[in-house]
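For reference, the sequence and a predicted model appear below.
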Amino acid sequence: MLVAGFPVGALQANCFLLAPAEDADCVIIDAGQDAVDPIEEALAKHRLTPVAVLLTHGHFDHVFSAAQICRSYGVPAWIHPEDRAMLSDPASALGPQAAALFGGRVDMAEPEEVRELADGDVLDLAGLSFTVDHTPGHTRGSVCFRTTTEEGGSLLFSGDTLFAGSIGRTDLPGGDSEEIMRSLKEKILPLHDDTVVLPGHGPASTIGRERVTNPFLAGGGAAFPTRGM
């Protein structure tokens, strides 16, 4: 499996491209702010053809370039229905303080074709299989995507639900601290320790490492983490 990841935009959200190999179809996860050029560079470098854009949640730093990428390549975007409205009204999810950083508005448009995700969905795309876990808490429509490699390894694209050493903030509209802890307990912590976590911001980790070292999963830490938008 080919996994190409890179941070984009002012908030350095991670964007990922996944394909069975070079010179093949691929899936893009979280086409965020200023992601068009690096995505096109990665597509050219690895000779990939996108077939879909998967979105872990609706915050602008993860979806800003989705409409342009979808239009350019004629592919759909996938998002949970609870977050779909953010594709065309991103400021509604920022809160007054965050929205003020952008003059009170962020201009975006919904991709021409949007398909809605549901908990437990299995998406067969680009020769790969993705299982969808609805993990509300950071936003109402936050999801994680699970897939496996040919060698038998497991990957979790956790969006802003889980980071290396932290979890997603819950103080923006749609956030809920009890919900995110429930999502982590019921959907994330049961995964195998060797599962590689590829989060929406920051470095990769594993479920085993986070189970032991992440202060929020151990019951400590602040009530409102501030990483991620």
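Ah, there it is. Numbers count the residues shown, from 1 in each chain.

Tell me the buried residues in stretch 158-176?
Neighbour counts using 16 or more other C-beta atoms under 10 Å place 158-170, 172, 174-175 of stretch 158-176 among the buried residues. Heads up, the C-betas are built off the backbone N, CA and C, glycines and all.

Tell me where this protein has strands.
2-8, 13-19, 25-29, 49-54, 77-79, 114-116, 122-125, 128-134, 143-148, 154-159, 162-163, 166-167, 196-199, 205-206 (DSSP state E).

Now distance to Asp107 and mean pLDDT too, for these, in TSV please.
Formatted as TSV, the strands of the chain follow (distance: least, C-beta to C-beta, whole Å; pLDDT from 0 to 100):
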stretch	distance to Asp107	mean pLDDT
strand 2-8	18	97
strand 13-19	18	98
strand 25-29	21	98
strand 49-54	19	98
strand 77-79	17	98
strand 114-116	18	98
strand 122-125	29	98
strand 128-134	28	98
strand 143-148	25	98
strand 154-159	23	98
strand 162-163	28	98
strand 166-167	30	96
strand 196-199	27	98
strand 205-206	34	98
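
want to throw the ones you listed into JSON lines with distance to Arg71?
What follows is these, written out as JSON lines (distance: least, C-beta to C-beta, whole Å):
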{"stretch": "strand 2-8", "distance to Arg71": "18"}
{"stretch": "strand 13-19", "distance to Arg71": "17"}
{"stretch": "strand 25-29", "distance to Arg71": "13"}
{"stretch": "strand 49-54", "distance to Arg71": "11"}
{"stretch": "strand 77-79", "distance to Arg71": "10"}
{"stretch": "strand 114-116", "distance to Arg71": "12"}
{"stretch": "strand 122-125", "distance to Arg71": "18"}
{"stretch": "strand 128-134", "distance to Arg71": "23"}
{"stretch": "strand 143-148", "distance to Arg71": "23"}
{"stretch": "strand 154-159", "distance to Arg71": "23"}
{"stretch": "strand 162-163", "distance to Arg71": "31"}
{"stretch": "strand 166-167", "distance to Arg71": "34"}
{"stretch": "strand 196-199", "distance to Arg71": "26"}
{"stretch": "strand 205-206", "distance to Arg71": "34"}
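
Select, out of these, the one closest to Ser92.
strand 77-79 (14.7 Å; C-beta to C-beta).

Give the pairing partners of that closest one; include direction for each.
Note on strand 77-79: by DSSP bridges, its sheet partners are strand 49-54 (parallel), strand 114-116 (parallel).

Count the residues that sit near Leu156.
Neighbourhood size, Leu156 [other C-beta atoms under 10 Å]: 26.
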